[in-house]
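Visitor: Fold the following and give me the result.
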Amino acid sequence: MDEILIIAGGIYTISLIVFHLFFWRIFKWPETLKSLNYVNKATIQVLNISITFIFFIITYVSFAHTQELLHTQLGNSLLVLISSFWLFRAAQQVYFYKLNHKASIGLTVFFLTGAFLYGLPVII
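Guide: As a prediction, the model looks like this:
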């Protein structure tokens, strides 16, 4: 069961890689970022690329080092940290976007799912 949760977490994280790679198109960044100054425009794009790479790292570790995540102290620490990341992201969703729209509620649940997938193996 623990292995399945981590593999599911890897698949979950792949979905975020794909989503973030489409940010330019989804949010029409070539048009909408024009109003920002050069530094802010670059910062948004660099942060998106960087978080996408972090998602790649999480995916890789989830698939290639599942047993180490489950059976070592370092692995358990990483699971707790990844789970905490998703809890923190869910809290940011509520704080910045509120829960006024179905999309915001859906994303909050989605981020809590990430916390569950990576946190439960440590608790069990």
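Visitor: State the pLDDT value of residue 124.
Guide: For residue 124, the pLDDT comes out at 85.
Visitor: Tell me how many other residues crowd it.
Guide: The tally of other residues near residue 124 (other C-beta atoms under 10 Å) stands at 9. Using the backbone N, CA and C atoms, a C-beta is placed for each residue, glycine as well.
Visitor: Please determine how far it is located from residue 17.
Guide: Here the criterion is C-beta to C-beta, to the nearest Å. By it, residue 124 lies 27 Å from residue 17.
Visitor: Show me what the longest helix belonging to the chain is packed against.
Guide: For the chain, the longest helix by residue count, based on DSSP state H, is helix 38-64. With contacts taken as 3 or more C-beta pairs under 8 Å, 6 or more residues apart in numbering; DSSP states H and E, helix 38-64 sits against helix 2-21.
Visitor: Any buried residues in the helix or strand containing residue 114, and which?
Guide: Assessed by DSSP states H and E, residue 114 sits inside helix 102-123. Across helix 102-123, burial judged by 16 or more other C-beta atoms under 10 Å covers 107-108, 110-112, 114-122.
Visitor: which one among those gets closest to residue 7?
Guide: residue 117 (9.3 Å; C-beta to C-beta).
Visitor: how close does that closest one sit to residue 10?
Guide: Taking C-beta to C-beta as the measure, residue 117 falls 9 Å from residue 10.
Visitor: again with residue 115
Guide: According to C-beta to C-beta, residue 115 and residue 10 sit 15 Å apart.
Visitor: What lies in contact with stretch 37-57?
Guide: Residues from elsewhere that reach stretch 37-57, judged by C-beta atoms under 8 Å, 6 or more residues apart in numbering: 13-14, 16-17, 20-21, 23, 29, 33-34, 36.
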